[in-house]
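*Asks:* Fold the following for me, if possible:
(chains A and B)
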Amino acid sequence: MLNKVAALGQATLNSIAGAGAALIMLTRALVGKPQLRKSWPLLMQQMYSVGVMSLIIIVVSGLFIGMVLGLQGYTILVDFGAEQSLGPMVALSLLRELGPVVTALLFAGRAGSALTAEIGLMKATEQLSSLEMMAVDPLRRVIAPRFWAGLYSMPILAAVFSAVGIYGGYLVGVRWLGVDDGAFWSVMQANVEWGHDIMNGIIKSVVFAFVVTWIALHKGFNCTPTSVGISKATTSTVVTASLAVLGLDFVLTALMFG
Amino acid sequence: MLTTTLEGNPEHLVEIDDIYFHYNHSTHNLYEGLSMAIPRGKITAVMGPSGIGKTTLLRLIGGQLRPQQGQIRFAGQNIPSLKRSELYQLRKRMSMLFQSGALFSDMTVYDNIAFPLREHSRLSEELIETIVLLKLEAVGLRGARHLMPAELSGGMSRRAALARSIALDPELIMYDEPFAGQDPISMGVIIKLIKELNESLGLTSIIVTHDVEEVLTIADYVYIIADKQVVGHGTPEQLLNSDNALVHQFLHGEADGPVPFHYRAPTLADELLGAGDAK
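*Replies:* Alright, predicted model coming up:
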């Protein structure tokens, strides 16, 4: 019994120490004199790597999720003669919840795992150590541009996801199932508020971007530099980031819409 | 153990003074009162059995690790007590050749060598190109500048990394197992390069290795580490004639001696008859 309590205490201490290490890593990476001449090309490179390269999975997923929403929404709403509310239903579902959340989950799987594996491999092949020995801070050189790229990319990807999803709902609801075109858009326009719906969705995606990118970078930077260590860190990034997104989504939803 | 007074000797570029070190995840001390001095302009070899912490020693000198006790001075500055920014300034005066080469896998050989110049200077691209080509010429890889690290052999990677490590003309180069896994030709090339670069650029070199034969041909001074301390030091000739049993076993590659052939275990008879602990 005592051993179990001790193990629980040790696990708690390890978690706190891990969170502290992650915070120190991020602070050291981000706080300091900005060097635009050097950091701008690195940021662009990473925006391409984590943002542009994630576009395909975001667009395809957004389209299908929007289409499913259109189909499911129609079959439910038509029983109540309320199929003209399909537009706001699809739009609000995407803008408030599915856009930020599913984008964050996909981003964790696609870009987050890649970030962890890349940094872990740089650590295993002593590239991070060699940066340090060349008097180049790996936190500023490797971690910072990837963090900013993740933070900027994910809200844009969430916006693309929502826009494509709404179009998917339109294709199914209006083009296939015959909901009135004008009603679909005008009722949506009347019911979606800029501040309450769109801004809250953007805030959610920024929070998720921060958390997912931070977790991915921390797991890579602090992984055991072996093949097993990198594999575990990559898995841990996807699991931890996904759970963090889902947990935070509930908290944010309760604060924003509760 | 080194007993001479180290502090303030201008002939020493690096002075390691009575350090105690263990990794955070372990309570087992890697060093207990280890001291050594690295003379300026010389090639110093640090040897010892595997797992004794030779690479750790280089990381301590580079400030990537901090000892729990003791001082490590580079040109008179105590490295463990430096602030982060001071340490980064100091590192511009030293470089390290990693065992894997540690070339950046997303850059060509040329860009790898230009990297420290672009980071730490405001030289024009034309001047950087001239310097890079000169460094590559020195290691015989001028023709390979457009290749990616994945396209290089092990020996070529190490030579490209060596070119990168001399890009900023450091005072100290630390070589971590430079001969490991090299074919005889590549090994000969690296031995020649270390010797020539040290002489022509006036460098101070520390070579961590357990390739006795190779390193004794170029080292001016040798330290042998075992049992958490320096167990022998001197010129290669002095050490070859040493009567220290451990030094003798290590330099002559004897299978049994102070470092036993068998890992700690009960006797075979006890084990087979079931008296010993089978695990």
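
*Asks:* Name the surrounding residues that touch stretch B:229-249.
*Replies:* Contacting residues not belonging to stretch B:229-249 are listed as B:1-2, B:31-36, B:216, B:219-227, B:251, B:254, B:256-259 [Cβ atoms under 8 Å, 6 or more residues apart in numbering or on different chains]. For glycine as for every other residue, the C-beta is placed from the backbone atoms N, C-alpha and C.

*Asks:* I'd like to know which of these are part of strands.
*Replies:* By the criterion of DSSP state E, membership of the contacts of stretch B:229-249 in strands covers B:Tyr31, B:Glu32, B:Gly33, B:Leu34, B:Ser35, B:Met36, B:Tyr221, B:Val222, B:Tyr223, B:Ile224, B:Ile225, B:Ala226.

*Asks:* As a markdown table, those residues with pLDDT and distance to B:Glu125 would be great.
*Replies:* Output for the ones in strands among the contacts of stretch B:229-249, formatted as a markdown table (pLDDT from 0 to 100; distance: Cβ to Cβ, whole Å):
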| residue | pLDDT | distance to B:Glu125 |
| --- | --- | --- |
| B:Tyr31 | 89 | 45 |
| B:Glu32 | 89 | 50 |
| B:Gly33 | 89 | 50 |
| B:Leu34 | 90 | 45 |
| B:Ser35 | 91 | 46 |
| B:Met36 | 92 | 42 |
| B:Tyr221 | 92 | 41 |
| B:Val222 | 91 | 43 |
| B:Tyr223 | 91 | 42 |
| B:Ile224 | 88 | 46 |
| B:Ile225 | 88 | 44 |
| B:Ala226 | 83 | 49 |
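
*Asks:* Compare these and tell me which is most surrounded.
*Replies:* B:Tyr223 (27 neighbours; other Cβ atoms under 10 Å in any protein chain shown).

*Asks:* can you count the residues close to B:Leu193?
*Replies:* Counted with other Cβ under 10 Å, B:Leu193 comes out at 19.

*Asks:* per-residue pLDDT, it?
*Replies:* Listed pLDDT for B:Leu193 reads 87.

*Asks:* residues touching it, list them.
*Replies:* Per Cβ under 8 Å, 6+ apart, neighbours of B:Leu193: B:Ala138, B:Val139, B:Arg159, B:Leu162.

*Asks:* hang on, A:Leu217 packs against A:Glu118?
*Replies:* No: using Cβ atoms under 8 Å, A:Leu217 is not in contact with A:Glu118, being 10.0 Å away.

*Asks:* And the two? Which one has more around it.
*Replies:* More crowded of A:Leu217 and A:Glu118, by other Cβ under 10 Å: A:Leu217, with 26 against 19.

*Asks:* contacting residues around the more buried one?
*Replies:* For A:Leu217, the contact set (Cβ under 8 Å, 6+ apart) comprises A:Met25, A:Leu26, A:Ala29, A:Leu115, A:Thr116, A:Ile119, A:Ile143, A:Arg146, A:Phe147.

*Asks:* For it, which three-state class applies?
*Replies:* When classified by DSSP: H, G, I helix; E, B strand; the rest coil, A:Leu217 comes out as helix.

*Asks:* Now do it, the pLDDT please.
*Replies:* 95.
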